[in-house]
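> Predicted model and sequence below, questions to follow.
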Amino acid sequence: MRNLGNIAARENRTVEAQDFYQEGLNKAEGANLDHLAYEIRYSIGILLSQKLKEYHKARIQFEMAKEYFQKVGDDICYSAAIFGLASNESLQGKSNNAKRLFNECLNLTKKIGRRDLLATILWFLAKEEEKSNNILSALKYIKESNESFERLELKHEYELTKKLIESLEKKIN
């Protein structure tokens, strides 16, 4: 059900996505599949935040997922929940909160050693710094992100970050 919800959400079929997520959540909770239930809560948070702009409801889902994943010691999912919270704050224009949460996520991701996640978080931090007109800080983050994407051989992401570097460098000159 979660995968069907994800597909529906990507296709902007939000009502259908909510229905799939709710059905999946009900089944997971009914079968005592706690980890799956909190993964679905994370997905619900993404839908609420990014598609429906229901930020308060999204925060509740992310917080519940974060607490659970921290309790069970799943650092990757815990990091994802923090990332969800950070993105939710960013979408509301709460840049300081977003940066604090992205940095928390960055530190945890460094500990985990997931360079792909690290590169993505650095990109989001760069965008937050750019919004705050901290161009030098944004440039530092995006260059680090770009180098990571290059090492990971993620060409599309590498090209996107390269364009942002060029844009930021123009703002400095």
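Thanks, I have the structure now. Residues are numbered from 1 along each chain as shown.

> Any regions of this protein where pLDDT drops low?
Low-confidence segments of the chain (pLDDT under 70): none present.

> domain parsing for the chain?
Using automatic domain parsing, the domains assigned to the chain come out as 1-98, 114-173.

> With distance to residue 107 added, can I get the ones you listed in JSON lines?
Just so you know, the C-beta spots here come from the backbone N, C-alpha and C atoms, and that holds for glycine as well. Output for these, formatted as JSON lines (distance: least, Cβ to Cβ, whole Å):
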{"stretch": "domain 1-98", "distance to residue 107": "9"}
{"stretch": "domain 114-173", "distance to residue 107": "10"}
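
> want to try CSV for these, with mean neighbour count and distance to residue 108 as columns?
Converted to CSV, those look like this (neighbours: other Cβ atoms under 10 Å; distance: least, Cβ to Cβ, whole Å):
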stretch, mean neighbour count, distance to residue 108
domain 1-98, 18, 5
domain 114-173, 17, 9
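
> of all those domains, which lies closest to residue 106?
domain 114-173 (4.9 Å; Cβ to Cβ).

> Tell me who's in contact with residue 117.
By Cβ atoms under 8 Å, 6 or more residues apart in numbering, the residues touching residue 117 are 76, 79, 83, 109.

> next helix or strand past the one helix or strand it maps to?
Per DSSP states H and E: residue 117 is located in helix 115-131. Next in sequence after helix 115-131, counting helices and strands by DSSP H and E, comes helix 135-151.

> and the angle from that following helix to helix 115-131?
Helix 135-151 runs at 160 degrees relative to helix 115-131, counting by axes from the mean of the first three to the mean of the last three Cα atoms, to 10 degrees.

> so what does helix 135-151 touch, helix or strand wise?
helix 115-131, helix 155-172 (3 or more Cβ pairs under 8 Å, 6 or more residues apart in numbering; DSSP states H and E).

> Can you report phi and psi for residue 31?
phi -100, psi 10 (degrees, to the nearest 10).

> out of the domains of the chain, nearest to residue 105?
Nearest to residue 105, of all the domains of the chain, is domain 1-98, at 4.4 Å by Cβ to Cβ.

> Quote the end-to-end distance of the closest one.
30 Å (Cα to Cα, to the nearest Å).

> next one: stretch 108-121
End-to-end distance of stretch 108-121: 11 Å, with Cα to Cα as the criterion.

> Could you identify the most distant pair in the contacts of residue 117?
The widest separation within the contacts of residue 117 (Cβ to Cβ) is 10.5 Å, between 76 and 83.
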